[in-house]
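Trainee: no sequence on this one, just coordinates:
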Ligand code: UT7
């Protein structure tokens, strides 16, 4: 039987760092409020002209290097993003051109903050059914371009960045299970209310920016992450004591801590990057994974639980033997 395993990871964060103190000059906020309510201290913001695909390319190259593979070894590229370079072509096709690989499928997945889990689920299915041997999965976002920098309820919470993973065919189970869900009922709690086929005049004249009912999203995120963690552990007959590391989507330290508490995992076993990166949406899990692999916390053989919740609503999880 063929399984998929993580063969390499890579990450990229833009050079420019914006601290909470810097934001005090832009909106009516304080470093104290942001840290207390979200755990965020700073975020990276893309340079003028720096795109989602530019960042994805660097993360992808780093992931390929760590897998000891070259771009020609890849037979599928999936980019999870809600902030693509263009309406079309897909950011995955742009990354494919930049990597100079031809004739392989490349496509984007749009599932907001759960995008990386969705991409992992798809890549895992390709590998298990023999459709691909080495899949490049990238979560890449430039949320700074869809933030209303006058709205203190959202602009302090997000950052830019890119994380990548190479998933390769193996005889040993790396990806043990993936679980993805969505519920379109709650569209207006977290959305960008204008786009191409709806609200196009607003999109052209005023731009299109994130609107969020933060405390309602918070409440639903905590409840949903608790149930997806249960579904994942029970589905695999695994207890929380078997988990080496929780690698959660990084939206808010209080959401992460509540999810860890429900699982009965101490914070020492949780990878946290929200303090340094803020919420990078679909990039946050692969970035957190890459940080913890490179600093030596996550080691070969560790059992990892990924979990995410985001706009849609979408949510998902994965149990992975690293
Ligand atoms: O990744 C996708 C999913 N996204 C999330 O999971 C985000 C979920 N939500 C959250 O992380 C939290 O709800 C927030 C961090 C957005 C807000 O924390 P909260 O504890 O839910 O605060 P709140 O929205 O209830 O607001 C409390 C107060 C309000 O003032 P009043 O009405 O009590 O006077 C806000 O106007 O805090 C005020 N406030 C701020 N104050 C200073 C909101 N934003 C700010 C700010 N600085 N940046």
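Mentor: In hand now; what should we look at? What you see is a predicted model, and the numbers here were worked out from it, not measured in a lab.
Trainee: any idea which helix or strand comes after the helix or strand where residue 7 lies?
Mentor: Per DSSP states H and E, residue 7 falls inside strand 3-12. With elements assigned by DSSP H and E, the helix or strand that comes after strand 3-12 is strand 16-19.
Trainee: Can you name every helix or strand that the very next helix or strand once past that next one contacts?
Mentor: Next along the chain after strand 16-19, taking DSSP H and E as the criterion, comes helix 20-24. Where contact means 3 or more CB pairs under 8 Å, 6 or more residues apart in numbering; DSSP states H and E, helix 20-24 is packed against helix 31-38. The way it works is simple: take the backbone N, C-alpha and C, and place the C-beta from them, glycine included.
Trainee: Give the burial count for residue 152, as a bare number.
Mentor: By other CB atoms under 10 Å, 17 other residues sit near residue 152.
Trainee: hang on, it packs against residue 28?
Mentor: Yes - Residue 152 lies in contact with residue 28 (CB atoms under 8 Å); the separation is 5.8 Å.
Trainee: Who is the nearest residue to residue 173 once chain neighbours are set aside paired with across the strands?
Mentor: Nearest non-adjacent residue to residue 173, counting by CB to CB, 6 or more residues apart in numbering: residue 3, 4.4 Å away. Per DSSP bridges, residues listed as beta-bridge partners of residue 3: residue 170.
Trainee: Count the neighbours of residue 131 for me.
Mentor: Residue 131, neighbours per other CB under 10 Å, totals 13.
Trainee: show me the contacts for it.
Mentor: By CB atoms under 8 Å, 6 or more residues apart in numbering, the residues touching residue 131 are 76, 125.
Trainee: Looks to me like it is in a strand.
Mentor: No - according to DSSP: H, G, I helix; E, B strand; the rest coil, residue 131 belongs to no strand; its state is coil.
Trainee: That one and residue 99: what is the separation?
Mentor: Residue 131 sits 20 Å away from residue 99, going by CB to CB, to the nearest Å.
Trainee: Using the three-state scheme, assign the residue most central in space within the chain.
Mentor: With distances taken as CA atoms, centre = their mean, residue 282 lies nearest the centre of the chain, 2.5 Å away. On the three-state scheme (three-state DSSP), residue 282 is labelled helix.
Trainee: Was I right to think it contacts residue 108?
Mentor: No - Residue 282 is beyond contact range of residue 108, at 10.0 Å (criterion: CB under 8 Å).
Trainee: List the residues that are in contact with both of these two.
Mentor: Shared contacts of residue 282 and residue 108, counting by CB under 8 Å, 6+ apart, come down to 80-81.
Trainee: The ligand contacts on the stretch 101-250 of the chain?
Mentor: Contact residues, the stretch 101-250 of the chain versus the ligand (CB under 6 Å from any ligand atom): 113, 152-153, 156-157, 214-215, 217-218, 221.
Trainee: let's see 8 Å
Mentor: 112-113, 152-157, 190, 212, 214-215, 217-218, 221, 249 (CB under 8 Å from any ligand atom).
Trainee: For the ligand, see how far away the residue nearest to the centre of the chain is.
Mentor: Look at residue 282 and the ligand: by CB to the nearest ligand atom, to the nearest Å, they are 10 Å apart.
Trainee: Give me the three-state assignment for the nearest residue to that residue once chain neighbours are set aside.
Mentor: Distance criterion CB to CB, 6+ apart; nearest residue to residue 282, sequence neighbours excluded, is residue 115 at 3.2 Å. In three-state terms, and counting by three-state DSSP, residue 115 is helix.
Trainee: Wait, residue 115 touches residue 139, no?
Mentor: Yes - counting by CB under 8 Å, residue 115 touches residue 139, with 5.8 Å between them.
Trainee: Can you show me the strands along the stretch 101-250 of the chain?
Mentor: 106-109, 134-142, 160-170, 175-182, 190-191, 211-212, 245-248 (DSSP state E, counting those that start in this stretch).
Trainee: Determine the angle, from 0 to 180 degrees, between the longest one and strand 175-182.
Mentor: What separates the directions of strand 160-170 and strand 175-182 is an angle of 130 degrees, with axes from the mean of the first three to the mean of the last three CA atoms, to 10 degrees.
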